[in-house]
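Novice: would you be able to build a 3D model of this:
(one chain, ligands or ions: 1)
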Amino acid sequence: MTATGRIVRWSVLVIAIAMGAIRLVGLHGIWPAVRIAEGSMAPNLLGEHFQLTCRDCRMVVRYDAHAPPRDGRVVCWNCGADNDHRIDQRVQAGQRVLIDRRAFDWRTPNRWDVVAFPMPDHPSRWAVKRILGLPGERIQFRQGNVIANGRIVRKSLAQLRRMALLVHDNDRQPPRELGMPPRWRTEFPDSEWHADGSRLLFRPQEGGRQPLDWTFYQHWPGYAGVVTRAEPSPILDNDGYNQQLSRRLNVVTDIMLACRIRIGDGHGRLAFEITDLTDRYRIELCFRHRQLVWFRNFDERSRVTLPRFAFARRVLVELAWCDGQLLFAIDGHTLIRDVWEDDDSDRSHRQEREDVSNADSRDPISRIAIGAEGTKITVDRLRVLRDVHYLPPSYVEPHWMLGPDEVFVVGDNVPLSRDSRHWKRPGVPVQQLWGRVLAVKQLQK
Ligand SMILES: [Zn+2]
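Specialist: Numbers count the residues shown, from 1 in each chain. All right, here's what the predicted structure looks like:
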């Protein structure tokens with residue numbers, strides 16, 4: 001390397017260190033800590049709330065302290081148990097977060113950033129919401145998804161992980177003495193899938209069931225109403241935080257499965273299925289041929305060589321149908337991101353099917369399944385999650401136009417939040433953003 005080259009390298013390094021120092025020195029001055037007061041970002045950011053441990057499944061249920069249940073009943077969203085709201089309990093403080101006041105000095109705001117700004121209808125109050133729309137965009141919602149300039153907005157796996165809401169955690173189940181039906185069921189009585197506490201074991205016998213043997217997730221309602229606790233239910237946009245709010249619930253098509261899987265030494269197959277109420281997606285891991293194959297409605301979409309880490313002893317598997325795309329990852333490596341482009345005929349067909357499912361929201365349709373053949377498999381840390389389901393404030397389907405320097409903001413607690421959907425002028429000017437909210441801690445994942 002020449003002397004000039006060395007000088008250039010050193011000065012770049014010095015500048016990088018100096019910039020790092022400025023960011024660190026600013027930690028107290030320009031990263032003020034604030035406390036969230038209200039529940040418009042719950043459950044990802046909690047305002048003042050009550051909490052209890054469910055008497056049956058031991059899940060910690062957190063709910064809005066500003067609107068506790070009038071009838072004194074707190075329904076566990078995970079197992080549907082009725083818990084008593086104790087009126088003498090202490091209010092839990094809202095979550096503390098840091099605001100990076102300099103975030104937008106270096107870059108323009110990104111979609112899905114959580115930001116703080118003065119409330120347009122109460123400028124003396126601050127609000128924390130998530131950015132859904134960027135300057136100049138035309139924003140709509142369709143089937144719970146965000147549509148920007150006519151195209152569906154898609155999250156990466158990392159973005160989905162940050163926003164996804166837990167729907168069921170198999171590590172939190174009612175005690176066996178209650179005799180409740182299992183959440184993961186099998187198709188046949190001679191299935192080789194067995195529950196072992198919160199784990200699922202697949203132990204194939206010699207000459208056992210061929211081909212794939214499936215276990216299915218069965219959802220329960222998890223809200224107060226005239227429903228039986230363990231009645232099969234589609235996954236709805238139910239939430240445990242708004243215990244007092246009474247509203248129509250919607251079928252959520254965007255769901256995710258996360259689990260840890262230990263694969264035996266056999267040469268069999270492991271498969272996953274996920275449906276969005278109209279279509280069925282299947283992913284097969286074939287250990288004998290070291291291949292990963294995926295299908296839409298039994299038509300093969302593609303196949304790739306299965307990477308070596310897929311054979312590790314215990315791996316994290318994530319599968320999602322979200323924002324019109326199929327996502328599949330092992331140990332955080334996204335192996336499939338298969339996108340369906342918007343198509344009008346397809347969309348109207350889907351809309352029709354969704355209306356049917358809304359009309360009969362008790363349809364006991366199972367949306368997620370795990371199949372196996374020919375190798376020992378152990379599944380644990382089984383969680384079912386869903387994407388945030390965006391709704392317009394009324395039944396009419398509006399759209400919102402943003403100015404050249406405005407962003408569209410909505411709270412993750414969609415039914416409770418007051419935001420761009422309600423304000424006379426929906427956009428928040430970028431220069432009014434106070435900063436980006438950091439330390440968005442996930443409490444229930
Ligand atoms: Zn429970």
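
Novice: the lengthiest strand in the chain - contacts with which helices or strands?
Specialist: When the chain is parsed with DSSP state E, its longest strand is strand 122-133. Packing partners of strand 122-133 (3 or more C-beta pairs under 8 Å, 6 or more residues apart in numbering; DSSP states H and E): strand 114-119, strand 145-148, strand 406-410. Any C-beta I mention is one placed from the backbone N, CA and C, and that applies to glycine too.

Novice: now with 10 Å, please.
Specialist: strand 96-100, strand 114-119, strand 138-142, strand 145-148, strand 400-401, strand 406-410, strand 428-429, strand 435-438 (3 or more C-beta pairs under 10 Å, 6 or more residues apart in numbering; DSSP states H and E).

Novice: need these in JSON lines (columns: distance to the ion, mean neighbour count and mean pLDDT).
Specialist: Formatted as JSON lines, the helices and strands packed on strand 122-133 follow (distance: least, C-beta to the ion, whole Å; neighbours: other C-beta atoms under 10 Å; pLDDT from 0 to 100):
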{"stretch": "strand 96-100", "distance to the ion": "27", "mean neighbour count": "19", "mean pLDDT": "89"}
{"stretch": "strand 114-119", "distance to the ion": "28", "mean neighbour count": "20", "mean pLDDT": "94"}
{"stretch": "strand 138-142", "distance to the ion": "31", "mean neighbour count": "19", "mean pLDDT": "95"}
{"stretch": "strand 145-148", "distance to the ion": "29", "mean neighbour count": "20", "mean pLDDT": "96"}
{"stretch": "strand 400-401", "distance to the ion": "38", "mean neighbour count": "16", "mean pLDDT": "96"}
{"stretch": "strand 406-410", "distance to the ion": "29", "mean neighbour count": "26", "mean pLDDT": "98"}
{"stretch": "strand 428-429", "distance to the ion": "38", "mean neighbour count": "20", "mean pLDDT": "97"}
{"stretch": "strand 435-438", "distance to the ion": "30", "mean neighbour count": "19", "mean pLDDT": "92"}
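
Novice: re the thing from before, name every strand pairing with the longest strand of the chain and say which way it goes.
Specialist: As defined by DSSP bridges, the strand partners of strand 122-133 come to strand 114-119 (antiparallel), strand 406-410 (antiparallel).

Novice: buried stuff in it?
Specialist: Buried residues in strand 122-133, counted by 16 or more other C-beta atoms under 10 Å: A127, V128, K129, R130, I131, L132, G133.

Novice: stretch 386-405 now?
Specialist: R386, D387, V388, H389, Y390, L391, W400, L402.

Novice: looking at the residues you listed, which is nearest the ion?
Specialist: Distance to the ion, by C-beta to the ion, is smallest for R386 among the buried residues of stretch 386-405, at 17.4 Å.

Novice: show me what the helix or strand encompassing V304 packs onto, helices and strands only.
Specialist: V304 belongs to strand 299-305 when assigned by DSSP states H and E. Judged by 3+ C-beta pairs under 10 Å, 6+ apart, the packing partners of strand 299-305 are strand 280-286, strand 291-296, strand 333-339.

Novice: out of these, the one nearest the ion is which?
Specialist: Checking the helices and strands packed on strand 299-305 against the ion by C-beta to the ion gives strand 280-286 as the closest, at 30.0 Å.

Novice: need the three-state assignment for R161.
Specialist: Taking DSSP: H, G, I helix; E, B strand; the rest coil as the rule, one finds R161 in the helix state.

Novice: so it sits against K155, correct?
Specialist: Yes: contact status for R161 versus K155: in contact at 9.0 Å, counting by C-beta atoms under 10 Å.

Novice: the two: who's more crowded?
Specialist: Set side by side, R161 and K155 show more neighbours around K155, with 23 against 18, by other C-beta atoms under 10 Å.

Novice: identify the residues contacting that one.
Specialist: 111-112, 145-146, 161-164, 254, 320, 322-323, 325, 327, 387-388 (C-beta atoms under 10 Å, 6 or more residues apart in numbering).

Novice: rerun that using 6 Å as the cut-off
Specialist: Taking C-beta atoms under 6 Å, 6 or more residues apart in numbering, we find K155 in contact with D323.

Novice: isn't there a strand covering it?
Specialist: No: under three-state DSSP, K155 sits outside any strand and is assigned coil.

Novice: would you quantify the distance from it to L327?
Specialist: Note on K155: its distance to L327, by C-beta to C-beta, to the nearest Å, is 9 Å.

Novice: how about A258?
Specialist: 11 Å.

Novice: circling back: including distance to V379, could the strands paired with strand 122-133 go into JSON lines?
Specialist: Shown next, in JSON lines, are the strands paired with strand 122-133 (distance: least, C-beta to C-beta, whole Å):
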{"stretch": "strand 114-119", "distance to V379": "33"}
{"stretch": "strand 406-410", "distance to V379": "35"}
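
Novice: ok, which stretches of the stretch 1-150 of the chain are strands?
Specialist: 33-35, 49-53, 60-64, 73-75, 82-84, 96-100, 114-119, 122-133, 138-142, 145-148 (DSSP state E, counting those that start in this stretch).

Novice: quick one: average pLDDT of the third one?
Specialist: With pLDDT averaged residue by residue, strand 60-64 scores 96.

Novice: what angle sits between it and strand 49-53?
Specialist: In terms of direction (axes from the mean of the first three to the mean of the last three C-alpha atoms, to 10 degrees), strand 60-64 departs from strand 49-53 by 160 degrees.
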